[in-house]
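Engineer: Here is a sequence with its predicted model. Questions after.
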Amino acid sequence: MPSSVYSKDNLRLLKKNLRSFWDIYRQNTMGLIGLCILCFFTLLAFLGPRLVDVTTYVVDGVTQTMHPPVSGYWLGTDNLGRDILAGVVIGTQVSLLVGVAAATISMTIGTVIGIVAGFYGKLADKLLMRFTDVFLVIPWLPLVLAMAALLGPSLGNIIFVIGITSWAGTARIIRSQTLSVKERPYVERARAIGSSGTHIMLRHILPNVFPLIYANTILVAAIAILSETTLSFLGMGDPTRISWGMMLHYAYEMGAVISRAWWWLLPPGICVVLVVLGFTFIGFALDEVLNPKLRRRDR
Amino acid sequence: MSLLEVENLTTYYKLKEGYVRACENVNLKLEKGEALGLVGESASGKTTAALSLVKLLPDNAEVRAGKISIEGRDISRAMEDELRRIRWKEIAIIFQGAMNALNPVRRVGDQIVEALRIHEKMPEKEACLRTAELFEQVEIDPDRVREYPHEFSGGMRQRVMIAMAVACNPKIVIGDEPTTALDVMVQAQVLQLLEKLRRELQMGMILITHDLSVVGETCDRVAVMYAGRIVETGPTEKVFENPAHPYTRALIAAFPNIEGKRYLAQSIPGNPPNLLNPPAGCRFHERCSQIIGPCSEKDPTAVEVSTGHMASCHLLGRL
Amino acid sequence: MDINNRGDEQLELLKVSNLEVHFAARQGFLSSLLNKQPKQVRAVDGLDFSIRKGEILCLAGESGSGKTTTGKAILRLVEPTGGEVCFKGEDVIAFNRQRLRRFRQEAQIIFQDPYESLNPRQTVFSTVAEPLEVNRICKNNEQIEERVIEALTDAGLSNPQELFLRYPHELSGGQRQRLAIAGALVVKPDFIMADEPVSMLDLSIRAGILKLMVDLRDQKGISYLFITHDLSLAWLVSDRIAIMYLGKIVELGSADTVIRQPLHPYTRALVSVIPVLKRVMPSDKKLLQGETPDPVNIPTGCRFHPRCPEAQSRCREEEPLYREVMPGHYGACHFI
Amino acid sequence: MNMRLYLLSKFSQAVVTIFIVLIINFFLFRVMPGDPVRVLIRSPRISAETLARLRERFGLDESLLTQFWVYLRDLFTLDLGSSFNYRQPVLDVILERVPATLLLVGTATLLSIVLGISLGVLLAWKRGTRIDVGGLALSLILYAMPTFWVGIIMLMVFAVYWNIFPLWGMGVPGAIYQTFWAELLSRLHHLFLPVLTFTLILVGEYALIMRSSLLEVLHEDYMLTARAKGVSATELLRRHALPNALLPMVTLIAINLGFIIGGAIQIETVFSWPGLGRLMFSALTDRDYPVLQGLFLFITICVILANLGADIIYRYIDPRVKA
C-alpha cells in the first residue's frame, strides 16, 4: 500500500521547488549582488548596534562638532558632535522597517483589488479600475506630503501614507495577469470539474499571479524607502526616530552644504542608494527568474 | 550545377548547459524550378537548417561547418554586406506568418516597396506600381496596399507575405510552415497559389513543414529530418511509396489515408532525444523497433536505395 | 487495429435539440448609452444531434464554425441561449448547482493544447487529484492516491508514482496530454468532450493518444464528442461525423458515408482538400473562394450560398431545412 | 470604435477622474483628524468665540453636503480661496509660479527623454556587451538615488567646492541686466544645475524602459522578416524597431508626469527655484492650507489632462487602434 502523499511529500515538494528556484536564481548576477547588499544591511540592522558603539550618537558637549572623519569617529561628527557612523547604523532599522511594512500594505491592497477586479470583472472591475486610475494619475508626492502634513509626523503615519498611496501600479499589473490567467484552459478545466470560484482563485489564479506579486512587492519596497527618505528630508519625518532621511534633513538644514561637511551628507545617501539598489536588483532578478518568457518553439 | 547545394551544414546553439546540436551534417540539393520538402517534427532542426543558409539565426547560434553554394558560387563565407544582398534577392523566406511576420505599424505596401527599393534600386513610384502588380498576382485587391496588417485576415496576410517574397524574383523561396495555423480551405488556397507562382516564375522552393501531406501534394523531392539530421531524402513518390528509414515508415504509417482502410497505426514509442546530449550512434535507435548491433555505436552513412533516393540506416547496409 | 463502427446499442446518452448560443458582440459603454442595438454573434444557431452510449461523434469544421462553443454549451461551460440538452434523459439546462456538479463528474472535457490546459504550478498528483478533492469523492487520502494511480495507469503513464511530484513543464508533449486525460478519467466519466486533443502534437505521438481514447471507449464504454478541424482524423476515429458551417450542421452521417459520399457542397469541398500522400494537381481540388465570414454578419438564406459553387437564386432567400436525406444521413441543402 | 466615440469616452473618463480628485481634495482637508478650523488657522490659543465666528465665516457650521456644494461652486468660478501667507487669491499665487516650473520641468523632461531614449536604444542594440552592462548599472544607480540628495551633492560640488554655479535662485536678486544676452546668460547659468540634476534623475528610468521595450521588439517575428529582406542594420533600427518600441513610451512618459512633479518639489526646494514645487514646500512648512489644497488640485488636473493628451496622441500614432 502506498503511503500518503500528503504528509511526507509536501516537504519533499517544497525542497524541490526551492532547489529549482535557487538553481536558476543563482545564475543571475544582478540578483546575487542584490541579495548580498540586502543581507549586509539586514545584518547591520540587527547586529549593528552591538558592533558599533551607538551610544556615541548623543549630544555630550564634549565631542568636537562638525569634525571630519578621525579615528574613533570613522565617519566624523555632526553639528552637535554626534557620531555619524552610529547614526547611519541606527537609521538602517527605520529604513528597512518602512520598506518592508509599507510594501506589505501596498501589496495587500494592490493584490486584493487587482484579483477581485480581474476575476469578477463587469461592474466591480469598472469601478475598481476607475478608482485605481485616480491613484495612478494623482501626482504622488504632493498627495503624500499633504496626507503626512495633515496626519502629523510619526513613523506609523509615514508607513501608512506610503502604503496606501503606492498600490495602484501593483493593482493594475495583478489585474491584467489575473485576466490572462482566467482565460487559460486550466481554469476552464477547473470549472468543468465543478470547482467553486473561491477554489479557482486560491488554487489556480493566485499561484500563477504570485511570481508577479513577489517581484512587484520588492520593487515597491525600494520605492517606499526612497519615499521615506524624501518625506523626512522635506520635514515630514518622525522627529523622535533617527533615519537616513532625517539625518539628511538635519544636515541640509544646518548648512552642511556650505560648511563642506561631505562626511555628513554622503554616508546616509549612499546607504539609501545601496539599499534601494539591493531591492531593485532582487526585484528585477525575480521578474526574470519567475516569469521566463516562452522559449521559441522550433529551433 | 545545381541551383542550391548544401554540404555538411552544422549549426549549434550555445546554452549555459552546453551546445544544442540542432542541425548536423545536413546535405541538400535544389534544382531550378524544383520544390523540395523539408519535413520533420517540432525541434527537429528544419527551421535552423533553412535559416542557416542566409545566417538569420539568433545570437546564440553558431554555424560550425558547411558549404552553401548558389549556382556554384560559395556563399558560406559571405560577410554581412554580401549576405544582405543575397537575402531576398536570391533567397526569400515566407515565414509562418499568422500575425507577427509583418510589421504592425507599417502599411503592407510600404513593406513590399522597401524590399524593391533595397534590391532593385527602384524609384518610389515604380516600386508602388510593381507592388500593385504583385497584389494582383496573389489575388488581392491592389487598392489594399495602403492598409495595415491587422486589417487583413490570416490567409490574406499570408498572401501579402508571398507577394513580398516574390517581389524581387528570387531564385529560391523558402516557405517556413507557410500554411500552419490557417484553416484547411485557406491552406489549400495558399498552397495552390505558391505552386502557381513557382511554375510561372521558375523558382526553386524549399517547403519546411511538419505536415507530410503538404509535401506529398506539392513537392518534387522530400528530405526527412529527425533530431537534427536528415535521415532520408529522395523523389517524393519514391520516398512515400517505398520509405527506407524506419522513422519515415512510421510517420507514413501514422498518416490517415482516407482512400485506404480505417486503421490506427502504432505510435512511435518514446520521445525525440534531447539535443543537448544526443545518444551515440543513430539518433533514432532508442525509439526504433528494428535495432541491430551498430545502431547504438556508429553513425549510419547515407546509402542509395534507388536512383536519387538516399537513406541513413544501418539496416540498409545489411541488404 | 481495426476500428469497427460502434454505438449500435440504441441507448441515447446525449441528445441535443435546437441548441443555440448567441452572444452580444462586445461593445463600448458609450455606444450602449447611445442606444445602438448590440450586434448578435450567432456562434451556435440551432443544432440537433445525439450521441449514443459508447459512440464517438465528431464535430468537424473550420475555425469560426462554432464547434468548440457547441461542446462547451453541452457541458454548460457556456450558457446556451436556447434549445435543449438531454443527458441520460435528464434536462441539463434545468440542472441546479448540485446536480450540475454531479453532471460534471459524468461529463468531462479534454482541451486542445496540453501546454495550456494544465496549471503550470500544479504537480501531476494534484492535477489528477483535484477533481476528487473538489467533489469530495474519496473518504481518505489513501483512496485518493489509489484513484490517482489508477487514472494515470489507465491513461498509459507507467510508473505513475514517480511522476507525482513533477510539474507539467517537466513532461513531454505526449505525457502532458495523457496527464490531461488522466485528469478526466479519475472521476470515471461516461462522456468526454475532446476539443482538438491532438492538433498540437507531433504526428508520431498523435497515434498513441488517439489509440488510447478509442481503447477507453472499448473498455469503459466512454462516449466522445470529438471536435476537430481535420477531416481525415475525424474519419479515422469517429463513428459518425457532423460538419458544421457558421453555427449550423450542414451534414451528418456515418464517418464512411460523409467522407466517401458527401452530399453537401461544403462537405464535398472540404473532402476534396483532405490531404493524401500523393501528388495532386491543383486543378483537381474544388477550392472554395474566400474565407468563412464573421458570425456577426451571417448571410441570408443558406448561409453557405456566397461561397457555394452551385448556388442559385433560391439559396439566397430561403434557408434550407436540415433533414434526413437517407436513413441516418442528414443534410441541409436545397439540392440534395 | 470610431474616433469621435473614442475621444468622447476618453474625455468623459478624464472628467470622472477629475471629479473623484475633487472629492478626495475636499475630504482630505476636512475629514483628517483635528478641527479643520484649528488646522486652517494653526493658532492653538484661540478663543471659543473667535472659533465659532471663523467656523461661520468658512461655512464650517453647515452640513458637509452644503460645504461640498459651496466648494464646487467656488471652483467653477475659479475661486480657490486666499492664501494665509501671501494675502492673495490662491490662483494668483499659483499662476505666478507656473512659468518658472514650466521652464525647469520642460527643459529637463525634454533633455531626459532624448538622452534616455538614445541611451536605451544604445543599450538594447549592444545587449549583452560591456556597454550594456555598464549602462544598465548606471541607469539603475541613477534610478535608485534620492532626487534631493543628488541636488545637494551637485550644489556642494559645483557651487561650494568649485564655485562655478550659483547656489540658488533663478537669477541674481535685484540685478538689472544691460542686454538681453546678459540676462539670458545669467538665467542659463542659474538653470544649469537644477536641470542637470533633474535630467540625471529622469534619464535612468527612461533608458531602462526604452531598453526593455526595444529588446521586446527586437525579438518579434517581423524583425526577422525585415532582416531576411536584406534591410541594413541602421534601417532595421530606424524603420522597423523604433516605431514599434517608441509607442509604449508615449503612455509611460505621461504616467511618469506625477513622478516628475515629485522631483520638481525636491529640486526646487534644494535649489530655491521659485516655482510651484518650492511653493508647495513652503506652504507645507507654513501650514498654508488653502495654497496646499489649490496646488494639489491644480497639479493633479494638469497631470490628468496630460494623460488625456497622451491617450489621444497614442490613438493617432498607433495604426492598430484606429478602425
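Structural biologist: Okay, I see it.

Engineer: hey, let's count contacts and neighbours off CA atoms from now on
Structural biologist: OK.

Engineer: Nearest to chain A within chain D, name that residue for me.
Structural biologist: residue D:258 (3.8 Å; CA to the nearest CA).

Engineer: burial count for the residue lying closest to that residue once chain neighbours are set aside?
Structural biologist: Excluding the flanking residues, the one nearest residue D:258 by CA to CA, 6 or more residues apart in numbering or on different chains is residue A:139, at 3.8 Å. By other CA atoms under 10 Å in any protein chain shown, 26 other residues sit near residue A:139.

Engineer: what about residue A:139, distance to residue D:146?
Structural biologist: 17 Å (CA to CA, to the nearest Å).

Engineer: residues touching residue 226, list them.
Structural biologist: No chain was given, so I picked chain A. A:272, A:276, D:144-146 (CA atoms under 8 Å, 6 or more residues apart in numbering or on different chains).

Engineer: meant chain D actually
Structural biologist: With CA under 8 Å, 6+ apart, residue D:226 has these contacts: D:236, D:240.

Engineer: pLDDT weak spots in the stretch 51-200 of chain D?
Structural biologist: Counting by pLDDT under 70, the stretch 51-200 of chain D shows low-confidence ranges at D:54-55, D:57-61.

Engineer: picking up where we left off before, and the residue of chain D closest to chain A, helix, strand or coil?
Structural biologist: At residue D:258 the chain is in helix, as set by DSSP: H, G, I helix; E, B strand; the rest coil.

Engineer: In this structure it contacts residue A:140, no?
Structural biologist: Yes. With contact defined as CA atoms under 8 Å, residue D:258 reaches residue A:140; the gap is 6.0 Å.

Engineer: So which residues of chain A form helices?
Structural biologist: With DSSP state H, the ranges of helices along chain A come out as A:5-25, A:29-51, A:84-120, A:122-137, A:140-151, A:155-165, A:168-182, A:185-192, A:197-200, A:206-231, A:244-253, A:262-290.

Engineer: wait, the stretch 151-300 of chain C
Structural biologist: Remark: helices assigned in the stretch 151-300 of chain C by DSSP state H, counting those that start in this stretch are C:160-163, C:173-185, C:203-220, C:231-237, C:255-260, C:265-272.

Engineer: thinking again about what came up before, got the helices of chain A as JSON lines, with distance to residue B:199 and mean pLDDT columns?
Structural biologist: Below are the helices of chain A laid out as JSON lines (distance: least, CA to CA, whole Å; pLDDT from 0 to 100):
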{"stretch": "helix A:5-25", "distance to residue B:199": "52", "mean pLDDT": "78"}
{"stretch": "helix A:29-51", "distance to residue B:199": "55", "mean pLDDT": "91"}
{"stretch": "helix A:84-120", "distance to residue B:199": "53", "mean pLDDT": "92"}
{"stretch": "helix A:122-137", "distance to residue B:199": "55", "mean pLDDT": "87"}
{"stretch": "helix A:140-151", "distance to residue B:199": "66", "mean pLDDT": "82"}
{"stretch": "helix A:155-165", "distance to residue B:199": "67", "mean pLDDT": "92"}
{"stretch": "helix A:168-182", "distance to residue B:199": "46", "mean pLDDT": "91"}
{"stretch": "helix A:185-192", "distance to residue B:199": "44", "mean pLDDT": "88"}
{"stretch": "helix A:197-200", "distance to residue B:199": "56", "mean pLDDT": "88"}
{"stretch": "helix A:206-231", "distance to residue B:199": "51", "mean pLDDT": "91"}
{"stretch": "helix A:244-253", "distance to residue B:199": "76", "mean pLDDT": "92"}
{"stretch": "helix A:262-290", "distance to residue B:199": "49", "mean pLDDT": "91"}
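
Engineer: now the ones you listed as CSV including distance to residue B:91?
Structural biologist: Below are the helices of chain A laid out as CSV (distance: least, CA to CA, whole Å):
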stretch, distance to residue B:91
helix A:5-25, 40
helix A:29-51, 41
helix A:84-120, 47
helix A:122-137, 50
helix A:140-151, 55
helix A:155-165, 57
helix A:168-182, 39
helix A:185-192, 40
helix A:197-200, 51
helix A:206-231, 43
helix A:244-253, 63
helix A:262-290, 37
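
Engineer: Would you tell me which residues of the stretch 101-250 of chain B are close to chain C?
Structural biologist: Listed as neighbours of chain C in the stretch 101-250 of chain B under the rule CA under 8 Å from any CA of the partner chain: B:155, B:183-186, B:188-189, B:192, B:195, B:210, B:212-214, B:216-219, B:237, B:240, B:250.

Engineer: Of the residues you listed, which ones also sit close to chain D?
Structural biologist: Applying CA under 8 Å from any CA to those, none is adjacent to chain D.

Engineer: residue contacts, residue B:132?
Structural biologist: B:142-143, B:145.

Engineer: Would you agree residue C:303 is in contact with residue C:249?
Structural biologist: No. The criterion here is CA under 8 Å, and residue C:303 misses it with residue C:249 at 11.1 Å.

Engineer: Those two: who's more crowded?
Structural biologist: residue C:249 (26 against 22).

Engineer: can you tell me which residues contact the residue lying closest to that one once chain neighbours are set aside?
Structural biologist: Computed as CA to CA, 6+ apart, the closest residue to residue C:249 that is not its neighbour in sequence is residue C:243, at 5.6 Å. Residue C:243 makes contact with C:59-61, C:249-252, C:267, according to CA under 8 Å, 6+ apart.

Engineer: among those, which are in strands?
Structural biologist: C:59-60, C:249-252 (DSSP state E).

Engineer: Where neighbours are concerned, which of these has the most?
Structural biologist: When the ones in strands among the contacts of residue C:243 are compared by neighbour count (other CA under 10 Å), residue C:252 ends up highest, at 31 neighbours.

Engineer: Looking at strand pairing, list the partners for the closest residue to that one other than its chain neighbours.
Structural biologist: Leaving aside its chain neighbours, residue C:252 sits nearest to residue C:242 (4.2 Å; criterion: CA to CA, 6+ apart). Beta bridges link residue C:242 to residue C:59, residue C:252 when assigned by DSSP bridges.

Engineer: Just give me the neighbour total for residue C:242.
Structural biologist: 26.

Engineer: quick one, what contacts it?
Structural biologist: Contacts of residue C:242 (CA under 8 Å, 6+ apart): C:57-60, C:249-253.

Engineer: Could you check how far it is from residue C:48?
Structural biologist: 10 Å.

Engineer: Name the residues contacting each of those two.
Structural biologist: Taking CA under 8 Å, 6+ apart as the criterion, residue C:242 and residue C:48 both touch residue C:249.

Engineer: could you say what helices and strands the longest helix along chain D packs with?
Structural biologist: If you go by DSSP H, chain D has its longest helix at helix D:180-218. Contact here means 3 or more CA pairs under 8 Å, 6 or more residues apart in numbering or on different chains; DSSP states H and E; on that basis helix D:180-218 packs against helix D:90-125, helix D:130-144, helix D:147-154, helix D:242-270.

Engineer: change it to 6 Å
Structural biologist: Under the contact criterion of 3 or more CA pairs under 6 Å, 6 or more residues apart in numbering or on different chains; DSSP states H and E, helix D:180-218 touches helix D:90-125, helix D:130-144.

Engineer: How about the contacts made by the residue in the stretch 101-250 of chain C positioned nearest to chain A?
Structural biologist: Nearest residue of the stretch 101-250 of chain C to chain A (CA to the nearest CA) works out as residue C:117 at 4.3 Å. Taking CA atoms under 6 Å, 6 or more residues apart in numbering or on different chains, we find residue C:117 in contact with A:185-186.

Engineer: Show me what the helix or strand encompassing residue C:41 is packed up against.
Structural biologist: Per DSSP states H and E: residue C:41 is located in strand C:40-52. If contacts are counted by 3+ CA pairs under 6 Å, 6+ apart, strand C:40-52 sits against strand C:12-24.

Engineer: Now the strand it packs on: buried residues?
Structural biologist: Neighbour-count burial for strand C:12-24 flags C:12-16, C:19-23 (criterion: 16 or more other CA atoms under 10 Å in any protein chain shown).
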